[in-house]
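# predicted model and sequence follow; I will ask about them next.
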Amino acid sequence: MSGLSLNEIKPLFAIDAYTTVSMANSSIKKRLNDDQHLRRKIEKIKKQILGSG
C-alpha cells in the first residue's frame, strides 16, 4: 500500500517482528476491501497529504 517493504515499515512504528507488520498489513487490506466508508476516508486523507485534492 505504501510502497515500502515490511522491513522498512518496522522501525517507523517501533515494531520488532516482521510477523506483526505482516498481520497488520493483512488486517488493513481486508478492512479496506470490506468497508467502503473507511476506504473513502483514507483516500481523502491521502489526497490531503499528497496535495492532490
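Nice, thanks for sending it over. Numbers count the residues shown, from 1 in each chain.

# off-centre distance for the lengthiest helix in the chain?
Criterion DSSP state H: the longest helix present in the chain is helix 18-34. Helix 18-34 sits 8 Å away from the centroid of its parent chain (CA atoms, centre = their mean, to the nearest Å).

# which helices and strands sit right next to that helix?
Helix 18-34 sits against helix 6-9, helix 36-50, with contacts defined as 3 or more CB pairs under 8 Å, 6 or more residues apart in numbering; DSSP states H and E. Glycine gets a C-beta too; all of them are placed from N, C-alpha and C.

# quickly, which of those bottoms out on average pLDDT?
Sorting those by mean pLDDT places helix 6-9 lowest, at a mean of 83.

# residues in contact with that one?
The contact list for helix 6-9, computed with CB atoms under 8 Å, 6 or more residues apart in numbering, reads S2, I15, Y18, V21, S22, N25.

# nearest residue to the third one in space, please, no chain neighbours.
Spelled out, that is Y18. Of all residues not flanking Y18 in the chain, L6 sits nearest, at 5.7 Å (CB to CB, 6 or more residues apart in numbering).
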